[in-house]
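Visitor: Structure here, sequence nowhere to be found:
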């Protein structure tokens, strides 16, 4: 892809998604959703051992930036990855050497 073919709006959107992902707890949430496909706030906070309010905060950021989608089912809201490609990004980051 040449420089002239770059879509600035799309790049801005991708940059915002990457900024939203750039937090250890959000990476952990994405890793969970990669393996479970969809989970509630309660399931996520219990699996990660963090406060439900903190979980909701992180989920809100990820949803707002287009990383996650949510679907209400009765009293529960289920969160899942918006695109399967996010799982590949998380896997790639997990395979990066630390040094």
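Guide: Happy to help now that I have it. Model, not experiment: these values are computed from the prediction.
Visitor: measure residue 82 to residue 20 for me?
Guide: Residue 82 is 11 Å from residue 20, where distance means CB to CB, to the nearest Å. Glycine gets a C-beta too; all of them are placed from N, C-alpha and C.
Visitor: More neighbours: these two, which one.
Guide: Shown here are residue 82 and residue 20; by other CB atoms under 10 Å, residue 20 has more neighbours (19 against 16).
Visitor: Which residues are in contact with that one?
Guide: Residues counted as contacts of residue 20 (CB atoms under 8 Å, 6 or more residues apart in numbering) are 26, 61, 62, 64, 65, 67.
Visitor: re the thing from before, now do the shared contacts for residue 82 and residue 20.
Guide: Where contact means CB under 8 Å, 6+ apart, the residues bridging residue 82 and residue 20 through contact with each are residue 67.
Visitor: Touching the lowest-mean-pLDDT helix or strand in the chain from outside, list them.
Guide: Of all helical and strand segments in the chain, the minimum by mean pLDDT, DSSP states H and E falls on helix 85-94, at a mean of 72. Around helix 85-94, the neighbours that count as contacts under CB under 8 Å, 6+ apart are 21, 27, 30, 31, 34, 67, 81.
Visitor: and the fifth one, how many neighbours does it have?
Guide: In this case it means residue 34. Considering only other CB under 10 Å, residue 34 is surrounded by 18 other residues.
Visitor: That one: helix or strand, and which one exactly?
Guide: Using DSSP states H and E, residue 34 sits within helix 24-36.
Visitor: Tell me the helices and strands packed up against that helix.
Guide: Applying 3 or more CB pairs under 8 Å, 6 or more residues apart in numbering; DSSP states H and E, we find helix 24-36 packed against helix 8-21, helix 41-48, helix 52-64, strand 76-81, helix 85-94.
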